[in-house]
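In: sequence isn't available, so here's the structure alone:
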Ligand code: SIN
């Protein structure tokens, strides 16, 4: 057994900020599936939104967030997260994050940060580090965690299940409520499953956009935290609101990567194959409208024409400015022979972000005692039905910081006797197809049946197919030695089912959930969260 005060599952901004904060109160284990850098934070290009310009206001940022979220966000949560933004961006700077500055001869004072703009924002308020903001944040956080004697890091280790009452023999009778005492974690180098026992566990495992075949996320985004929390009895909220990023690179072979919205913030325009721009027909902010609106518009225009992609034209932006602000995108496009200073970029929408997740408070508290959640895995009420661009790093930072300073981190915990994981000996290679095929099929079904424009009929077809897949995969899980791919595929099926069930519960269109059968918003019945 590995005994810690704090167990952190996931190594993005939420996990590492929490780890740094609670390292003041005890020993911390950070457990992550691959390397520390394999997380959505590292992929984040555009930036982190906050009120950093003297002519901007908290009220403006709150109003933009609420409007982008189709008025489903919780104003008290929005206000609290947004007002704490500047202070916590200063904290990231103090940890060593190298944001892009307006004037390089000054130091990193907040008022010297260069700010860009993204969709749905009425003001320039996105702090960035060229087009690798997340990576710069990760460099600083990882350096601080590695030099911290109270933090141990376990890479290539996957959490299989949270340790709660459902694993414990309750000899003294029923104890009401659910508590978490850590997690069973498999070390991929040995396939051994260890008990990681901890007073507090932080779920910072990110989102689940990998339920879609066409997505912008790293391979690790398989919804492990959401699935474990659901199996342990926590509520999930607003799972139908999957944000599709309007501009993922399109290639004939299907390889994709994100083309940051900041490119549109600096003046790039979406165009159809004939060169015409179209977003002004859909929203007064044109190509910089909120993401749900842009993605739906692209989807509608492409379907009308039977085309697979449209174009993002950045050629009007000064070429030096373009190359220096977006060096990562420049180098990725060059791999495909595209010079974005001279040619438009082929793009199409792809699954990007879960606006819903494990229901949690501004302090990261969940339904399960001793279990925190922060970042994309959580649903705090900030995003509502659609996330405002670059609000996700901000939310993860604020919630993880709050959670890390929550008074309960100092509480003692009485641990029950935790049984070892019952690892099976047998492994039926002949049936491995159940995992490999079904993983792909989940992505294809979700792309085709549960995409940007949904219908109740297709949602029902998708549900019955994925429920069958879940039965097959779960059988394999129950009867074979555990492996990462099996755990991930089971989690993908659990989350896909939660998404479809939530989508079927919401008989209206709002934010990122668009239902062809009910194309309008119905505030009288559905201005409420969908709870699973
Ligand atoms: C982007 O750079 O377009 C992504 C930023 C985000 O998802 O908020």
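Out: Here it is on my side, so go on. These figures come from a predicted structure and were not determined experimentally.
In: start and end of stretch 161-174, how far apart?
Out: End-to-end distance of stretch 161-174 (CA to CA, to the nearest Å): 21 Å.
In: strands along the stretch 401-532 of the chain, start to end?
Out: Using DSSP state E, counting those that start in this stretch, the strands of the stretch 401-532 of the chain run over 453-454, 514-515.
In: what sits against the residue nearest to residue 208 when sequence neighbours are not counted?
Out: Nearest non-adjacent residue to residue 208, counting by CB to CB, 6 or more residues apart in numbering: residue 223, 2.8 Å away. The way it works is simple: take the backbone N, C-alpha and C, and place the C-beta from them, glycine included. Neighbouring residues of residue 223 by CB atoms under 8 Å, 6 or more residues apart in numbering: 205, 207-208, 210-211, 354, 491-492, 494-495.
In: swap in 7 Å and give it another go.
Out: 207-208, 211, 491-492, 495 (CB atoms under 7 Å, 6 or more residues apart in numbering).
In: circling back: pick the most buried one from the strands of the stretch 401-532 of the chain.
Out: Most buried of the strands of the stretch 401-532 of the chain, by mean neighbour count (mean count of other CB atoms under 10 Å): strand 514-515, with a mean of 20.
In: ok, and what's touching that one?
Out: Outside strand 514-515, the residues that reach it (CB under 7 Å, 6+ apart) are 296, 452-456, 508-509.
In: just the pLDDT for the nearest residue to residue 377 once chain neighbours are set aside.
Out: Leaving out its chain neighbours, the residue that sits closest to residue 377 by CB to CB, 6+ apart is residue 225, at 4.1 Å. pLDDT, residue 225: 98.
In: what does the host helix or strand of residue 225 rub up against?
Out: Per DSSP states H and E: residue 225 is located in helix 224-232. For helix 224-232, contacts defined as CB under 7 Å, 6+ apart pick out 9-10, 159, 161-162, 164, 166, 178, 203, 205, 208, 236, 357-358, 366, 368, 373, 377, 488, 491, 494-495, 498.
In: what's the answer for stretch 479-498, then?
Out: By CB under 7 Å, 6+ apart, stretch 479-498 touches 158, 160, 186, 188, 191, 193, 208, 210-211, 222-224, 226-227, 230, 236, 239, 423-428, 435, 438-439, 442, 446, 463, 466-467, 469-470, 473-474, 476-477, 532.
In: ditto for stretch 309-324
Out: 247, 250, 259, 263, 266-272, 298, 301-302, 330, 340-342, 344-348.
In: look up the closest residue to residue 56, ignoring the ones flanking it.
Out: Nearest to residue 56 is residue 123, by CB to CB, 6+ apart, at 4.5 Å.
In: what do you get for residue 98?
Out: Closest to residue 98 by CB to CB, 6+ apart is residue 136, at 5.1 Å.
In: same check on residue 267?
Out: Closest to residue 267 by CB to CB, 6+ apart is residue 317, at 5.1 Å.
In: tabulate the strands of the stretch 401-532 of the chain in JSON lines, adding columns for mean pLDDT and distance to residue 85.
Out: Below are those laid out as JSON lines (pLDDT from 0 to 100; distance: least, CB to CB, whole Å):
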{"stretch": "strand 453-454", "mean pLDDT": "96", "distance to residue 85": "33"}
{"stretch": "strand 514-515", "mean pLDDT": "98", "distance to residue 85": "30"}
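In: which among those is found nearest to the ligand?
Out: strand 514-515 (19.2 Å; CB to the nearest ligand atom).
In: ok, residue 133 to the ligand distance?
Out: 8 Å (CB to the nearest ligand atom, to the nearest Å).
In: that residue: how many residues sit nearby?
Out: When neighbours are defined as other CB atoms under 10 Å, residue 133 has 27 of them.
In: residue contacts, the residue nearest to it when sequence neighbours are not counted?
Out: Leaving aside its sequence neighbours, residue 133 sits nearest to residue 47 (CB to CB, 6+ apart; 4.6 Å). Residue 47 sits next to 116, 126-128, 133, 262, 390 when contact means CB under 7 Å, 6+ apart.
In: quick check: the farthest pair among those?
Out: 127 and 262 (11.0 Å; CB to CB).
In: give me the more crowded residue out of the two.
Out: Set side by side, residue 127 and residue 262 show more neighbours around residue 127, with 28 against 25, by other CB under 10 Å.
In: who is that one paired with across the strands?
Out: residue 48, residue 115 (DSSP bridges).
In: let me know whether it touches residue 52 as I believe.
Out: Yes. Counting by CB atoms under 7 Å, residue 127 does reach residue 52; the two are 6.1 Å apart.
In: okay, and the common contacts of those two?
Out: 89, 113, 115.
In: so what's the residue nearest to residue 56 up against?
Out: 53, 56, 60.
In: next up, phi/psi of it, please.
Out: Per-residue torsions, residue 123: phi -150, psi 150 (degrees, to the nearest 10).
In: what residues does the stretch 151-300 of the chain put near the ligand?
Out: 258, 260-262 (CB under 6 Å from any ligand atom).
In: correction: the previous question concerned the chain.
Out: So far as CB under 6 Å from any ligand atom goes, the chain lies against the ligand at 44-46, 258, 260-262, 353, 389-390, 392.
In: buried subset of those residues?
Out: The neighbour count (16 or more other CB atoms under 10 Å) marks 44-46, 258, 260-262, 353, 389-390, 392 as buried among the residues of the chain next to the ligand.
In: by pLDDT, rank these and give me the bottom one.
Out: Among these, residue 46 has the lowest pLDDT, at 90.
In: helix or strand: which one has that one?
Out: Residue 46 belongs to no helix or strand, assigned by DSSP H and E.
In: isn't it right up against residue 390?
Out: Yes. Using CB under 7 Å, residue 46 makes contact with residue 390 at a distance of 5.3 Å.
In: what comes up buried for the lengthiest helix in the chain?
Out: Identified as the longest helix of the chain according to DSSP state H is helix 456-479. Buried residues in helix 456-479, defined by neighbour count with 16+ other CB under 10 Å: 458-459, 461-463, 465-466, 469-470, 472-473, 476-477.
In: could you do stretch 64-80 as well?
Out: Applying 16+ other CB under 10 Å to stretch 64-80 flags 64-70, 72-74, 77-80 as buried.
In: now stretch 264-274
Out: 264-272.
In: with stretch 396-410 instead?
Out: 396-404, 406, 409.
In: rounded mean pLDDT for that stretch, please.
Out: For stretch 396-410, the per-residue pLDDT averages 98.
In: okay, and which of the buried residues of stretch 264-274 map to helices?
Out: Among these, DSSP H puts 264-265 in helices.
In: ok, the buried residues of stretch 264-274 vs residue 145, which is closest?
Out: residue 265 (31.2 Å).
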